[in-house]
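Student: I'll drop the sequence and a predicted model, then ask my questions.
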There are 2 protein chains.
Amino acid sequence: MKSDSVLLLSGGLDSCTVLGIARSEGLNPVALSFSYGQRHSRELESARKVASNFGVEHVIVGVDLGKTGGSSLTDANIEVEHRNIAEIGTRMPSSYVPARNSVFLSVAFGLAESLGVSRVFIGANSLDYSGYPDCRQEYFNAMEKALNLGTSDAKPAEIRISAPLIRLSKKEIIQRGMSLGVPYSKTWSCYEGGEKACGRCDSCILRLKGFAEAGYEDPLEYREYPEFYTDFLKKR
Amino acid sequence: MKSDSVLLLSGGLDSCTVLGIARSEGLNPVALSFSYGQRHSRELESARKVASNFGVEHVIVGVDLGKTGGSSLTDANIEVEHRNIAEIGTRMPSSYVPARNSVFLSVAFGLAESLGVSRVFIGANSLDYSGYPDCRQEYFNAMEKALNLGTSDAKPAEIRISAPLIRLSKKEIIQRGMSLGVPYSKTWSCYEGGEKACGRCDSCILRLKGFAEAGYEDPLEYREYPEFYTDFLKKR
């Protein structure tokens, strides 16, 4: 079956939910992941498993963002912060990778242009997020315009960026995904690698908060849990 | 000496001239090159030599644009076209790499943000060019806006894209570069690799036309020459 779109798939909860949504709409996206110098390959394994689960083609592109520096996700000398839930979103965390979504969207537009398709999906989310500037709708609108100007005028149609989760909370994302059968046990959100998720980084905290609020237990295993989540488990 | 800007350096005539211009203005850019799956590494060697000639730091970032397909420059199964000078610019050539400048500018903005600098140089040129959509001023304006939205609000200043060659002809670029001592013998423009430039691809044709019009002999060696260039040599 011919691909009809490109979907940025990190292997995390959000992008895997977007894949579930796209499949539920009858679409057949090419899943696009990046090996960008992240600390661990766990999320790429997750992306592979989830792409396979949904029966879509999966392309992994190498891009060495470790060379541009400045992030705890690509530089082993910078520590991943552990913040409590009230601090998340108040300032830029060390996990921010400069211009990451710009690079990913640019490659996605290149692939879309090569394939002759006109839709690019991204799992960005502006509510329950870490405060990254490249997750804002205003940014996506500007990138869509710029990237269309930078691709061939001969393409069949303007390429559109779809960010179906942009205004959803983590709770709503998880409820949507659960209803679509997204295999959350195969996803990976933690900034660190290892057998079990850390339960302490921004990404683990936001994920567990989302599951607790959605009223579901997270099928992933964690090394430790924040108090709000153990409270939720007790009250079930 | 601390770097004050980022400069996209392909190793070709245009970007090397931009480096000469930046140095003549007293700037100290970090030269940024890409290993993006091009057919040959000859232009990366040229970039290294020219960066060294001008005494600037040189960073090479790997990004696997071969995976996104569609170009004779990254796919050995697609042939580099040989067109005559009248055809160049009339339609998109097979050498077009989808979204290449978007990827390069995104990485450059990431590096600029990490370094805390607010200027990104690119050697794009909209007159004597191959008809690529990502070499237009309108595109650069839109990318500048989008990429600033996608980088931290805490950065010292908006990052500006400088394309000092955008409205110059190849003739004017070469005249400018010769006056600044740009080592054109170290640059590489040919789409093919090898000991000598082919003298037949769009890039060789535009370069030789520029040298002929500027009234200088090209110091590079070619396997063969187009008639207009041998005529120019005879008339000197």
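Tutor: Looks like it arrived, so ask away.

Student: Can you identify each of the helices in chain A by residue range?
Tutor: Ranges of helices within chain A are A:13-24, A:42-53, A:100-115, A:137-149, A:170-180, A:202-214, A:227-235, based on DSSP state H.

Student: Out of the ones you listed, which is the most enclosed?
Tutor: Ranked by mean neighbour count under mean count of other C-beta atoms under 10 Å in any protein chain shown, these are led by helix A:100-115, which reaches a mean of 26. Where C-beta positions appear, they are placed from N, C-alpha and C, glycine not excepted.

Student: so where's chain A uncertain?
Tutor: A:39, A:69-95, A:128-131 (pLDDT under 70).

Student: Check the spacing between the residue of chain A most remote from its centre and residue B:96 real quick.
Tutor: In terms of distance from the mean C-alpha position of chain A, residue A:154 ranks first, at 30.6 Å (C-alpha atoms, centre = their mean). From residue A:154 across to residue B:96, the span is 10 Å (C-beta to C-beta, to the nearest Å).

Student: Make TSV from the helices of chain A and add distance to residue B:194 to it.
Tutor: Conversion of those to TSV gives the following (distance: least, C-beta to C-beta, whole Å):
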stretch	distance to residue B:194
helix A:13-24	43
helix A:42-53	37
helix A:100-115	27
helix A:137-149	34
helix A:170-180	53
helix A:202-214	48
helix A:227-235	62
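
Student: what's the longest strand belonging to chain A in contact with?
Tutor: Using DSSP state E, we find that the single longest strand of chain A is strand A:29-35. Strand A:29-35 is contacted from outside by A:3-11, A:19, A:22, A:41, A:44, A:47-48, A:50-51, A:56-63, A:103-104, A:107-108, A:111, A:115, A:119, A:121, using C-beta atoms under 8 Å, 6 or more residues apart in numbering or on different chains.

Student: and that strand, which residues are buried?
Tutor: For strand A:29-35, burial by neighbour count (16 or more other C-beta atoms under 10 Å in any protein chain shown) applies to A:29-34.

Student: and the angle for it with helix A:100-115?
Tutor: For strand A:29-35 against helix A:100-115, the angle by axes from the mean of the first three to the mean of the last three C-alpha atoms, to 10 degrees is 140 degrees.

Student: Pairing partners for strand A:29-35, with directions?
Tutor: Here strand A:29-35 has these sheet partners by DSSP bridges: strand A:5-8 (parallel), strand A:58-62 (parallel).

Student: Please compute how far the first one lies from its chain's middle.
Tutor: The one in question is strand A:5-8. Chain-centre distance of strand A:5-8: 12 Å, with C-alpha atoms, centre = their mean, to the nearest Å.

Student: could I have that strand exported to CSV, CA atoms only?
Tutor: Only the C-alpha atoms of strand A:5-8 are listed here, as CSV (Å, rounded to 0.1, in the frame of the first residue of the first chain):
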residue,chain,number,x,y,z
SER,A,5,1.9,11.0,4.7
VAL,A,6,5.0,11.3,6.9
LEU,A,7,4.8,10.9,10.7
LEU,A,8,7.5,11.9,13.1
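
Student: Name the residues that touch that strand?
Tutor: A:15, A:18-19, A:22, A:27-33, A:56, A:104-105, A:108, A:111-112, A:115, A:117-123.

Student: if we can go back for a sec, quick check: which of the strands paired with strand A:29-35 is buried the most?
Tutor: The most buried one of the strands paired with strand A:29-35 (mean count of other C-beta under 10 Å) is strand A:5-8, showing a mean of 27.

Student: where's residue A:216 relative to residue B:188, distance?
Tutor: Residue A:216 sits 57 Å away from residue B:188, going by C-beta to C-beta.

Student: ok, these two, which is more surrounded?
Tutor: In this view residue A:216 and residue B:188 are compared by other C-beta atoms under 10 Å in any protein chain shown, and residue B:188 has more residues nearby, 25 against 17.

Student: and the gap between that one and chain A?
Tutor: Residue B:188 sits 22 Å away from chain A, going by C-beta to the nearest C-beta, to the nearest Å.

Student: Surely that residue and residue B:11 touch.
Tutor: Yes: with contact defined as C-beta atoms under 8 Å, residue B:188 counts as touching residue B:11 (5.3 Å).

Student: Need the overlap of contacts for these two.
Tutor: Residues touching both residue B:188 and residue B:11 by C-beta under 8 Å, 6+ apart: B:42-43, B:45-46.
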